[in-house]
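Enquirer: Build me a structure from this.
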Amino acid sequence: MRLAVPLLLTLTFLPIRGEDRPNVLFIAADDLNTALGCYGSAIAKTPHLDRFAASGVCFERAYHQIPLCNPARASVMTGLRPDRTGVYDLSRHFRETLPDAVTLPQRFAEAGYFTARVGKIFHYDVPADIGTDGFDDAPSWQLTVNPKGRDKEEEPLVFNAEPHRKISASLSWHAAEGSDEEQTDGMIATEAIRLLGEHRDEPFFLGVGFFRPHTPFVAPKRWFELHPLESMRLPYAPADDRGDLPAASFAHNNPVPGYGLDEETLRRALQAYHACVSFVDAQVGRLLAALDNLGLADNTIVVVWSDHGYHLGEHGGIWQKRTLFEESTRAPLLIRVPGLSGNGRPCLRVVEFIDVYPTLLEAAGLALPEDLDGRSLMPLLRNPSAPREGGAVSQILRPGDDRLPGPVMGRSLRTERWRFTEWNGGGSGIELYDHAADPNEFHNLARNPSPETVRLIAELRAAFGKRAVATVPKTPFDPAKL
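Expert: Below is the predicted model of the structure:
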């Protein structure tokens, strides 16, 4: 039996003394952005994640290597950038390029840990693959569990605001009858708690992956009622916000602002998204309570993460992912390593999700492979204000369409002050944003650059180094699955 789990990150660090080796609880959520209380959201209702963030380190500037499910998860789980995994779309498995790759849970298994997955850690087609192994990696786990709940049975009840699209790719939702525990994510929490109890006396690496808030936005009615429709507001954007942006900035699956839907429908989609976030928050709370009740919290590294950010109408109507803007590339990363001095303090340094792999190995006292692309976050877990250079690099590959003559590779560098993005090495457009003055990325400084801006762009372009290709890669990919 196989389990899938959403990723939320908490790290606990203890000296390694035989049977005292720290456990790892590796929690993932699907399409969860930073609309959480611990990240400053005024409308989020996420008490469990907020408390957890206050007990560990909340990385406020954590960025994914690709804001798309399959390639992002492949990079997290291998510790390698997309140009090394060869994964840019939703259909290619990283073992096609790297058959002998050793994933993060495999490293722990080699060290004598019990490794298990409940729910979605590697890629799944949601909701079609719920209850199956999805696009999993069998060598990574000794046990997998794939719950399937009431949400699968009630898919015909889902409201689809865009009937020409599948509910997996449209704004779609359902306020369900019944309890949390009847939903797939509630069952995932229940199964994970069972495994915590059964394996409490041996070191474990337990991956728990929640399917929400991925579309369709399904949660019990009480979570919708927690977020009244009248409190939902679409994000502000200047009327000319899109005027200084290249065509490649906008994802091929969302070329029309707000999908052309009316404001009330979009506000209902916002309500449904926040309802699902609160629902997932409650399931994370159940897991953390179980750690305490089982006496495991003081010897368990906990990580809570999401596979990318998620647009909720920014820039005049962008929804979902696949952009190189802040809302899509930035995602929650919460880590608690018991006993570390940094616990309870947020971290404002720019970090990458490929850093999770080496961080967990070091926190558990395991050897670090030499060929990883990420860097351990342990210095920041001890002192969240410690210096850290280099920035974060994200990529996205676009298929050709009416706007773009052939495939386009975008790459973006985020430093503590700047975001620099170029499409096909600049041939299909350039973007530059000053986050000190323009945190919402409304003003593209590369549109009419001054001589100083031209020099800055050259410096930022050089800073990419070998961390991301500038043009379309030679690795095969499926344009229909980008």
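Enquirer: tell me the contacts of the nearest residue to Q320 once chain neighbours are set aside?
Expert: Closest residue in space to Q320, ignoring its immediate chain neighbours: H311 at 5.9 Å, by Cβ to Cβ, 6 or more residues apart in numbering. For every residue, glycine as well, the C-beta is placed using N, CA and C. Each residue near H311 by Cβ atoms under 8 Å, 6 or more residues apart in numbering is listed here: 33, 254, 318-321, 323, 325, 327-328.
Enquirer: Scan this structure for its longest helix.
Expert: Using DSSP state H to define each element, the chain has its longest helix at helix 263-293.
Enquirer: just how off-centre is that one within its chain?
Expert: 15 Å (Cα atoms, centre = their mean, to the nearest Å).
Enquirer: Tell me which other helices or strands that helix touches.
Expert: With contacts taken as 3 or more Cβ pairs under 8 Å, 6 or more residues apart in numbering; DSSP states H and E, helix 263-293 sits against strand 23-29, helix 47-55, strand 172-176, helix 184-198, strand 217-220, helix 221-225, strand 300-306, strand 311-313.
Enquirer: I'd like to check the angle between the first one and strand 300-306, please.
Expert: With axes from the mean of the first three to the mean of the last three Cα atoms, to 10 degrees as the basis, strand 23-29 and strand 300-306 are set at 10 degrees to each other.
Enquirer: counting contacts, what elements does strand 23-29 pack onto?
Expert: helix 104-110, strand 204-209, helix 263-293, strand 300-306.
Enquirer: quick one: P67 from H164, how far?
Expert: With distances taken as Cβ to Cβ, to the nearest Å, P67 is found 24 Å from H164.
Enquirer: who's more crowded, the two?
Expert: Remark: of P67 and H164, P67 carries more neighbours, 29 against 6, as counted by other Cβ atoms under 10 Å.
Enquirer: so who does the more buried one touch?
Expert: 308-309, 321-324, 328-329, 394, 396.
Enquirer: rerun that using 6 Å as the cut-off
Expert: 308, 321, 328-329 (Cβ atoms under 6 Å, 6 or more residues apart in numbering).
Enquirer: any chance of the residues you listed in JSON lines, with pLDDT, neighbour count and distance to V277 too?
Expert: Listed next are the contacts of P67 as JSON lines, based on pLDDT from 0 to 100; neighbours: other Cβ atoms under 10 Å; distance: Cβ to Cβ, whole Å:
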{"residue": "H308", "pLDDT": "98", "neighbour count": "30", "distance to V277": "15"}
{"residue": "K321", "pLDDT": "97", "neighbour count": "26", "distance to V277": "15"}
{"residue": "S328", "pLDDT": "98", "neighbour count": "26", "distance to V277": "16"}
{"residue": "T329", "pLDDT": "98", "neighbour count": "28", "distance to V277": "19"}
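Enquirer: can you put these in JSON lines and add distance to A470?
Expert: Below are the contacts of P67 laid out as JSON lines (distance: Cβ to Cβ, whole Å):
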{"residue": "H308", "distance to A470": "21"}
{"residue": "K321", "distance to A470": "22"}
{"residue": "S328", "distance to A470": "20"}
{"residue": "T329", "distance to A470": "17"}
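Enquirer: could those be laid out in CSV, adding distance to K466 and secondary structure?
Expert: What follows is the contacts of P67, written out as CSV (distance: Cβ to Cβ, whole Å; DSSP: H, G, I helix; E, B strand; the rest coil):
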residue, distance to K466, secondary structure
H308, 23, coil
K321, 25, coil
S328, 24, helix
T329, 19, helix
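Enquirer: now for the residues you listed, which pair is the farthest apart?
Expert: Spanning the widest gap among those are K321 and T329, at 8.9 Å by Cβ to Cβ.
Enquirer: out of the contacts of H311, which are inside strands?
Expert: 318-320 (DSSP state E).
Enquirer: and which of those residues is nearest to Q271?
Expert: Nearest to Q271 among the ones in strands among the contacts of H311 is W319, at 14.0 Å by Cβ to Cβ.
Enquirer: got a list of what that closest one touches?
Expert: Applying Cβ under 6 Å, 6+ apart, we find W319 in contact with 254, 311.
Enquirer: rerun that using 10 Å as the cut-off
Expert: Residues near W319 by Cβ atoms under 10 Å, 6 or more residues apart in numbering: 170-171, 215, 251, 253-254, 257-259, 261, 266, 269-270, 273, 310-313.
Enquirer: which of the residues in stretch 238-256 are buried?
Expert: For stretch 238-256, the neighbour count (16 or more other Cβ atoms under 10 Å) marks 241-242, 245-254 as buried.
Enquirer: quick one on the thing from earlier: what pLDDT does the residue nearest to Q320 get?
Expert: H311 is assigned a predicted lDDT (pLDDT) of 98.
Enquirer: Give me the neighbour count for R222.
Expert: 15.
Enquirer: Test for you: state the pLDDT assigned to it.
Expert: pLDDT, R222: 98.
Enquirer: just N253 next, same as before
Expert: Taking N253 on its own, its pLDDT is 89.
Enquirer: low pLDDT regions in the stretch 1-150 of the chain?
Expert: Low-confidence segments of the stretch 1-150 of the chain (pLDDT under 70): 1-19.
Enquirer: Could I get the full set of helices for it?
Expert: Counting by DSSP state H, counting those that start in this stretch, the stretch 1-150 of the chain has helices at residues 47-55, 69-78, 82-85, 94-97, 104-110, 150-153.
Enquirer: so which of those gets nearest L195?
Expert: Between the helices of the stretch 1-150 of the chain, helix 104-110 lies closest to L195; by Cβ to Cβ that is 13.6 Å.
Enquirer: Would you mind pulling up the elements that the closest one packs against?
Expert: Contacts defined by 3 or more Cβ pairs under 10 Å, 6 or more residues apart in numbering; DSSP states H and E place helix 104-110 against strand 23-29, helix 69-78, strand 114-119, strand 204-209, helix 356-363.
Enquirer: which residues does the closest residue to G79 other than its chain neighbours contact?
Expert: Once flanking residues are discounted, G79 sits nearest to Y357: 3.2 Å by Cβ to Cβ, 6+ apart. Counting by Cβ under 10 Å, 6+ apart, Y357 makes contact with 75-80, 103-104, 107, 368-369, 372-374, 376.
Enquirer: Closest one to S55 out of the residues you listed, please.
Expert: Using Cβ to Cβ, those come closest to S55 at S376, 20.7 Å.
Enquirer: how is the protein carved up into domains?
Expert: As recorded under automatic domain parsing, the domains making up the chain are 18-382, 392-481.
Enquirer: Now the closest residue to A62 other than its chain neighbours, what are its backbone angles?
Expert: Spatial nearest neighbour of A62, excluding adjacent residues (Cβ to Cβ, 6+ apart): L333 at 3.7 Å. The phi/psi pair for L333 (degrees, to the nearest 10) reads phi -140, psi 110.
Enquirer: Can you get me a residue count around L333?
Expert: 30.
Enquirer: does it have beta-bridge partners, and which?
Expert: Counting by DSSP bridges, L333 is bridged to W305.
Enquirer: So it sits against V356, correct?
Expert: Yes: contact criterion Cβ atoms under 10 Å: L333 and V356 qualify, at 7.4 Å.
Enquirer: mind showing which ranges of the stretch 201-350 of the chain have poor pLDDT?
Expert: In the stretch 201-350 of the chain, no residues with pLDDT under 70.
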